[in-house]
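Enquirer: Could you work out the structure for the sequence below:
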Amino acid sequence: MRRHSARLTHDSAILPWIGANFWSRTGGPLMWRNYDPKTVREELSVLREHGMTMTRSFFYWPDFHPEPHRIDEELCERFRDFLDAHTELGMGTVPTFIVGHMSGENWDPAWRGDRDLYEDVWLVGRQSWFVSQMTRRFKVHPAVTGWLITNEMPGYGRIYQVDPPSSDVVTAWAQFMCDAVRAAGGTQPVSLGDGAWGIEVTGRDNGFSLRDTAEYVDFVGPHVYRSDTDRVRQHYRAAFECELAGVTEQPVILEEFGLSTDTVSAENAGIYYRQTLHNSLLGGATGWMAWNNTDYDDLWDQSPYDHHPFEMHFGITDSTGAPKTPLVEIAAFSDILEQVDFARCRRSDADAALVVPAFLERGYPYSRPADRPLIFTSLHQGYVAARGADLPVALTREADGLPGDAALYLLPSTRQFTTRTRRELERRAREGATVYLSFCSGEHPGTRGPWFDDLDGLFGVELQLSYGVAEPIEDDVLEMTFTEEFGGIPAGETLRFPVAGNEDSRAYLPVVPTGARVVAKDAHGRPALLVNETGSGRTVLATYPLEHMAARTARVNPEQTHRLYAALAEIAGVERSVTVDSPYVSADVLVHEDGRRFVWLVSQSDEEVTVRPAVDGSLHDLDTREAVAEVRLVPFGVCVLEVR
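Expert: Residues are numbered from 1 along each chain as shown. Reported below is the predicted structural model:
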């Protein structure tokens, strides 16, 4: 199966996009009132010197559109100089039109009143007019490499947690805005700037659907800031959301990511950037825009910084223009992309499918929105475990139908899928695939247990559940002892897993094997892992919600589900191009169009670690071209090597 890694194509030579969201330190969102050409050029020069090719820029809406039928031409001239400064340095920029939300505050043009940004026809017309006017002014400038309609509209147009707009309304609004760009002659790639926070990625319905708006946009741009209780999961957060954002097979640009150095140490800020950049690349991102270019020490009495003071220090440079550790990491990342000729590389193929249940994105009758966070977190933890097993996985949407070419299907802590999928999984197993599912009872008391039919027939067991009663896990640690060799796990070995969850989900599945054989038992002698041979393949059932329990545990990774996934890969005959005998180091491969292969090794250890990767061929240093057998990785380090 191909893993998505689509790239933007345009006649501009300024690709790939490696840049930053840009507000000058002379004013932040008010920079156009206090525009200083010299300072802007100094700020851009620092970015360019560190490998950046572009910025994302903003038309602060209240200033550029002061009256319903008037554009501020003086500010437009300042923006034109800003574009010229990019051209002078060989950089591009992606202007953003409707900027009413920024860094924790919303600003309206004085004339908006209480009109709805999506449904008031006159106001939609004014937005469309503004988009077309700005496009006409700047569409031929060589520095413009793309367009974004807005900045995080779900937090501005209507607070979606309280009063979400309908997808039909949002999609119509998106169509009007994108059509305005095209009608005005804009030929560059365009997207919405909404953050990809909609239901296909997060499971939360905010009206923005990647599927519904795909007809009108050229790329998808996740904004990733969510935090976690586990550092390894946090390091894979952006990568996982980029994987989910690839649902439409369009290019995925990590449009916003970053952190305030008011909240972390300088060293850890650098580590987070290093991990996010490399892991998101391996997760399908093909462009990156850090938030943001500079700190604002002199703007403490200006909103939003007077009430969100930590927002002053999201910069990759400090307020004097000096590089901070994130910019140092971006420069190193940019160097590697140049060395491997990233624009002509793609991700390696995958033999394993991580199945995304349709219940994440579809509101089936009487299904509960409360189910979706469990789906998201279990998938996220399963993705982390696959990384630990050096197992390339393609995220596969149940809503789109299962691919027929997977050797292994992973359904981590999966409670819900459709009848059609149930039958398709059985057919795939009979035809030679391995289908793995770990039981999960769900996190609320309504309809506990599996929400699919004939678990018994699929897995060769007879479940022993009592109606409405969850069977509690009373141990604090699950001990899974193997009664026979399973993949690379020898008979007699015990894997230990953390136990977590609420009173509904901290539950196991009591079963009696009928056609299945028990390959591992828990500490009480009960079946913990069973294999049901069927046709030329098999189904594998874990009776405990392994991924869900880990997802609900702080500081847990690397936990031992990666051992199980590696064993499943071996049994299924899944090709893993490169493996490392350490749960702290993940390995993956990019393939150049000329046939060259590049191995990424990413450490999740807070100590130095040395590994000897197993690969078909020999590994070579990118700089010296010398053969490498042993690789030393600094704490949370990354190493890229060529395979010959």
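
Enquirer: Sketch out the low-pLDDT regions of this structure for me.
Expert: When residues are selected by pLDDT under 70, those of the chain lie in 10-15, 158-162, 447.

Enquirer: helix, strand or coil for the nearest residue to residue 419 once chain neighbours are set aside?
Expert: In this structure, residue 419 finds its nearest non-sequential neighbour in residue 453, 6.1 Å apart by Cβ to Cβ, 6 or more residues apart in numbering. Placement of C-beta: from N, CA and C, glycine included. Using DSSP: H, G, I helix; E, B strand; the rest coil, the structure places residue 453 in coil.

Enquirer: Can you give me the neighbour number for residue 453?
Expert: 12 (other Cβ atoms under 10 Å).

Enquirer: go on, residue 612?
Expert: Residues near residue 612, counting by other Cβ under 10 Å: 13.

Enquirer: re earlier: isn't the residue nearest to residue 419 up against residue 420?
Expert: No. Proximity of residue 453 to residue 420 does not meet the contact threshold set by Cβ atoms under 8 Å, at 11.0 Å.

Enquirer: so what's the most centrally placed residue in the chain up against?
Expert: In the chain, the residue lying closest to the centroid (Cα atoms, centre = their mean) is residue 241, at 2.0 Å. With contacts defined as Cβ atoms under 8 Å, 6 or more residues apart in numbering, the neighbours of residue 241 are 196, 201, 222, 224.

Enquirer: nearest residue to the first one other than its sequence neighbours?
Expert: Spelled out, that is residue 196. That would be residue 222: by Cβ to Cβ, 6+ apart, it lies 4.1 Å from residue 196.

Enquirer: show me the contacts for the one you found.
Expert: Here residue 222 is in contact with 195-196, 201, 238, 241-242, 245, 252, 254-256 (criterion: Cβ under 8 Å, 6+ apart).

Enquirer: Check those residues and tell me the two furthest apart.
Expert: Farthest pair in the contacts of residue 222 (Cβ to Cβ) is 201 and 256. Separation: 13.7 Å.

Enquirer: and residue 495, backbone torsions?
Expert: Here the main-chain torsion angles of residue 495 (degrees, to the nearest 10) amount to phi -100, psi 140.

Enquirer: doesn't residue 486 make contact with it?
Expert: No. Assessed by Cβ under 8 Å, residue 495 is found out of contact with residue 486, at 10.1 Å.

Enquirer: what sits in contact with each of the two?
Expert: What both residue 495 and residue 486 touch, as defined by Cβ under 8 Å, 6+ apart, is the set residue 520.

Enquirer: Is residue 375 located within a strand, as I assumed?
Expert: No. The assignment for residue 375, made by three-state DSSP, is helix rather than a strand.

Enquirer: residues in contact with it?
Expert: Contact analysis of residue 375 by Cβ under 8 Å, 6+ apart lists 203, 356-357, 359-360, 414, 416.

Enquirer: how does it look with 10 Å?
Expert: Residues counted as contacts of residue 375 (Cβ atoms under 10 Å, 6 or more residues apart in numbering) are 203, 356-361, 412-416, 440, 548.

Enquirer: ditto for residue 560
Expert: 385, 388, 478, 480, 489, 494-498, 546, 550, 583.

Enquirer: how close does it sit to residue 492?
Expert: Residue 560 sits 15 Å away from residue 492, going by Cβ to Cβ, to the nearest Å.

Enquirer: again with residue 323
Expert: Distance from residue 323 to residue 492, by Cβ to Cβ: 54 Å.

Enquirer: for residue 574, same thing?
Expert: Distance from residue 574 to residue 492, by Cβ to Cβ: 25 Å.

Enquirer: Compare these two (neighbour count), which wins?
Expert: For residue 574 and residue 492, the more surrounded residue by other Cβ under 10 Å is residue 574, and the numbers stand at 21 against 10.

Enquirer: so which helix or strand takes in the more buried one?
Expert: For residue 574, there is no host helix or strand (DSSP states H and E).

Enquirer: Contacts only, for the spatially most distant residue from the centre of the chain.
Expert: Distance to the chain centre peaks in the chain at residue 514, reaching 40.6 Å (criterion: Cα atoms, centre = their mean). Counting by Cβ under 10 Å, 6+ apart, residue 514 makes contact with 456-457, 459-462, 532.

Enquirer: how does it look with 8 Å?
Expert: 456, 460-462 are the contacts of residue 514 under Cβ under 8 Å, 6+ apart.

Enquirer: And for residue 127?
Expert: Applying Cβ under 8 Å, 6+ apart, the residues contacting residue 127 are 97-98, 117, 176-177.

Enquirer: What about the residues you listed, which are in strands?
Expert: 97-98 (DSSP state E).

Enquirer: Quickly name whichever of the contacts of residue 127 is closest to residue 408.
Expert: residue 177 (41.8 Å).

Enquirer: Disregarding residues adjacent in the polypeptide, which is nearest to the closest one?
Expert: residue 149 (4.4 Å).

Enquirer: and for the strand or helix carrying that neighbour, what are the contacting residues?
Expert: Residue 149 belongs to strand 147-150 when assigned by DSSP H and E. Applying Cβ under 8 Å, 6+ apart, the contact partners of strand 147-150 are 56, 94-101, 131, 135, 156-157, 174, 177-178, 181, 186, 188-194, 221, 255.

Enquirer: go on, stretch 223-232?
Expert: 152, 195-197, 234, 237-238, 241-242, 254-258, 276, 291, 384, 553-558, 604.

Enquirer: Send me that stretch as PDB with only the CA atoms.
Expert: Below are the C-alpha coordinates for stretch 223-232, written out as PDB (Å, rounded to 0.1, in the frame of the first residue of the first chain):
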ATOM      1  CA  HIS A 223      -2.300  23.300  13.200                       C
ATOM      2  CA  VAL A 224      -1.000  21.000  16.000                       C
ATOM      3  CA  TYR A 225      -0.700  22.200  19.600                       C
ATOM      4  CA  ARG A 226      -2.400  19.600  21.700                       C
ATOM      5  CA  SER A 227      -0.500  18.300  24.700                       C
ATOM      6  CA  ASP A 228      -0.100  14.800  26.200                       C
ATOM      7  CA  THR A 229       0.900  13.000  29.400                       C
ATOM      8  CA  ASP A 230       3.500  11.000  27.600                       C
ATOM      9  CA  ARG A 231       6.600  12.500  25.900                       C
ATOM     10  CA  VAL A 232       6.900   9.900  23.200                       C
END
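
Enquirer: Centre of the chain to it, how far?
Expert: Its chain's C-alpha centre and that of stretch 223-232 lie 11 Å apart, by Cα atoms, centre = their mean, to the nearest Å.

Enquirer: cool, stretch 307-320 as well?
Expert: 24 Å.

Enquirer: What lies in contact with it?
Expert: For stretch 307-320, the surrounding residues in contact (Cβ under 8 Å, 6+ apart) are 20, 25, 43, 46-47, 103-105, 258-263, 290-300, 304-305, 323-324, 326-327, 330.

Enquirer: Determine which two of the contacts of residue 241 are furthest apart.
Expert: 201 and 224 (9.7 Å).
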